[in-house]
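J.: Sequence first, then the predicted structure:
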Amino acid sequence: QTQEQQQQDTPITRFQRYLQINTAHPNPDYSSAISFLKTQAEAPNLNLQVQTLHFTPDKDKPILLLTWLGSNPSLPSLLFNSHLDSVPAEPSKWSHPPFSAVRSSDGHIYARGAQDDKCIAIQYLEAIRNLKAKHFSPIRTIHVSYVPDEEIGGPDGAAKFVESKEFKDLNVGFVLDEGQASPGDEFRVFYADRTPWNVIIKSKGAPGHGSRLYDNSAMENLMKSIEVVSRFRESQFDVVKAGKAAFSEVISVNPVYVKAGIPSPTGFVMNMQPSEAEAGFNVRLTPTTDPDFVRRRIAEEWAPETRNMTYQIKENGPIRDCKGRPLLTPTNNSNPWWSVFQQAITAVGGKLAKPEILASTTDARFIRQLGIPVLGFSPMANTPILLHEHDEFLKDTVYLKGIEVYESIISSLSSFEDNDHVD
Ligand SMILES: [Zn+2]
Ligand SMILES: [Zn+2]
């Protein structure tokens with residue numbers, strides 16, 4: 001390396017280099033991401049144990065697992081998780097190319113993944129690097145995991161990882177995973193996610209001339225269902241609008257596609273009523289929703305057999321933990337990690353907002369399923385929420401503050417010896 005390159009090797013440039021690796025779907029470059037992280041982890045100033053795990057050898061779905069051994073490895077360990085992948089970006093709609101990681105004069109680092117969730121991926125490493133430079137030595141073992149495919153539901157990523165012997169052998173006691181930016185000056189923290197379901201409803205009916213009024217056409221039946229779903233959507237939204245619940249505390253349903261008939265590019269040939277029609281909905285259940293309640297509504301009201309409707313529900317991940325409880329991590333005294341976490345934030349001058357349910361979904365659900373407490377946390381205060389949006393960015397100073405926050409969190413949690421029991 002030239003002197004100039006060495007000078008440019010900073011926490012910010014390392015973040016930029018990670019952001020420049022295009023891990024967006026549908027073709028995420030996992031090997032470049034893993035090789036970059038591995039090089040970081042193996043450098044003398046980090047010197048972490050490195051394992052690359054493959055649970056689907058026929059596909060390119062690597063998991064990178066880094067380990068900093070504690071002085072008492074028999075204690076339950078800590079896990080800091082992030083996902084390698086990102087959602088796609090439409091370059092023409094961005095002010096800067098989405099994989100350039102350009103830093104503007106006001107310090108904004110623009111890139112797909114800047115908030116979701118490549119910031120925490122590098123902040124974990126930078127925090128460990130700083131702790132090692134200060135000769136900190138952990139009592140508990142610290143693991144950092146980088147998993148593929150979170151954005152597409154994680155079946156070949158976190159879902160497989162948590163079922164593995166490798167994961168069990170980690171003896172994980174407490175986990176931090178991604179959270180979300182906070183427009184205010186308090187950090188947000190999440191104790192649960194919502195559960196994603198994809199629901200497809202289909203209707204069949206006799207085809208007919210475009211001019212005819214007749215009952216039970218496929219389109220008529222689908223339109224009736226869409227009205228029913230819309231009313232349910234309104235009823236949930238009204239609860240939020242009335243201030244009685246947060247968005248993440250109601251069931252959301254949004255149409256994401258409709259498919260029927262033969263589109264006419266010229267608009268002239270539109271005289272055929274189709275015999276089949278379908279619509280897809282993204283549904284998110286709250287952690288305490290009774291899934292049978294939603295299944296019944298779908299069967300009886302959204303896609304009733306009486307209107308020639310059929311449906312498919314693609315449930316994406318667990319709803320209850322191994323003991324049948326909702327996937328909620330306690331944020332009170334029953335969770336001994338909670339107060340250690342809280343104090344670690346205040347120790348560096350950070351403020352924590354009231355714990356929330358995340359409106360979206362993360363890999364945390366797979367770990368909560370095992371009964372292990374997980375908090376969703378990405379330290380981004382005074383930052384607009386830009387995940388999955390155009391011009392996703394993170395400000396340099398916010399990113400750097402996050403490193404300091406993780407130093408505090410990692411040192412506090414890994415020094416915490418008592419009370420390993422969480423109900
Ligand atoms: Zn994410
Ligand atoms: Zn995302």
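T.: Everything's here; your move. Everything numeric here is computed off the predicted structure, so don't read it as measured data. Residues are numbered from 1 along each chain as shown. Ligands and ions are numbered 1, 2, ... in the order given.

J.: what pLDDT does Gln5 get?
T.: Looking at Gln5, its pLDDT stands at 58.

J.: Kindly report the same for Gly402.
T.: 98.

J.: any idea which helix or strand carries it?
T.: Using DSSP states H and E, Gly402 sits in helix 396-415.

J.: Go ahead and produce PDB holding the CA coordinates of that helix.
T.: This file holds the C-alpha atoms of helix 396-415, laid out as PDB (Å, rounded to 0.1, in the frame of the first residue of the first chain):
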ATOM      1  CA  ASP A 396     -20.600  10.500   8.600                       C
ATOM      2  CA  THR A 397     -20.900  11.900  12.100                       C
ATOM      3  CA  VAL A 398     -23.800   9.600  12.900                       C
ATOM      4  CA  TYR A 399     -21.900   6.600  11.600                       C
ATOM      5  CA  LEU A 400     -18.900   7.500  13.700                       C
ATOM      6  CA  LYS A 401     -21.000   8.000  16.800                       C
ATOM      7  CA  GLY A 402     -22.500   4.500  16.200                       C
ATOM      8  CA  ILE A 403     -19.000   3.000  16.600                       C
ATOM      9  CA  GLU A 404     -18.600   4.700  20.000                       C
ATOM     10  CA  VAL A 405     -22.100   3.400  21.000                       C
ATOM     11  CA  TYR A 406     -21.100  -0.200  20.000                       C
ATOM     12  CA  GLU A 407     -17.900   0.100  21.900                       C
ATOM     13  CA  SER A 408     -19.900   0.800  25.000                       C
ATOM     14  CA  ILE A 409     -22.400  -1.900  24.300                       C
ATOM     15  CA  ILE A 410     -19.900  -4.600  23.500                       C
ATOM     16  CA  SER A 411     -17.700  -3.800  26.500                       C
ATOM     17  CA  SER A 412     -20.700  -3.700  28.900                       C
ATOM     18  CA  LEU A 413     -22.400  -6.800  27.700                       C
ATOM     19  CA  SER A 414     -19.200  -8.900  27.500                       C
ATOM     20  CA  SER A 415     -18.200  -7.800  31.000                       C
END
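
J.: Packing partners of that helix?
T.: Counting contacts by 3 or more CB pairs under 8 Å, 6 or more residues apart in numbering; DSSP states H and E, helix 396-415 packs against helix 11-19, strand 77-83, strand 108-110, helix 118-133, helix 336-347. Heads up, the C-betas are built off the backbone N, CA and C, glycines and all.

J.: Which strands or helices does the helix or strand following the last one pack on?
T.: Which is helix 336-347. Toward the C-terminal end, the helix or strand that comes next after helix 336-347 (DSSP H and E) is strand 356-357. Judged by 3+ CB pairs under 8 Å, 6+ apart, strand 356-357 is in contact with strand 190-192.

J.: elements contacting the helix or strand that the strand it packs on is followed by?
T.: Helices and strands here follow DSSP H and E; after strand 190-192, the next one along the chain is strand 195-204. With contacts defined as 3+ CB pairs under 8 Å, 6+ apart, the packing partners of strand 195-204 are helix 218-241, strand 276-285, strand 309-315.

J.: hmm, back to that, now distance to Gln236 too, for the helices and strands packed on helix 396-415, in a markdown table please.
T.: As requested, the helices and strands packed on helix 396-415 are exported to a markdown table (distance: least, CB to CB, whole Å):
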| stretch | distance to Gln236 |
| --- | --- |
| helix 11-19 | 36 |
| strand 77-83 | 28 |
| strand 108-110 | 34 |
| helix 118-133 | 31 |
| helix 336-347 | 29 |
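
J.: how about a markdown table for the ones you listed, with mean neighbour count added?
T.: As requested, these are exported to a markdown table (neighbours: other CB atoms under 10 Å):
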| stretch | mean neighbour count |
| --- | --- |
| helix 11-19 | 20 |
| strand 77-83 | 25 |
| strand 108-110 | 22 |
| helix 118-133 | 23 |
| helix 336-347 | 18 |
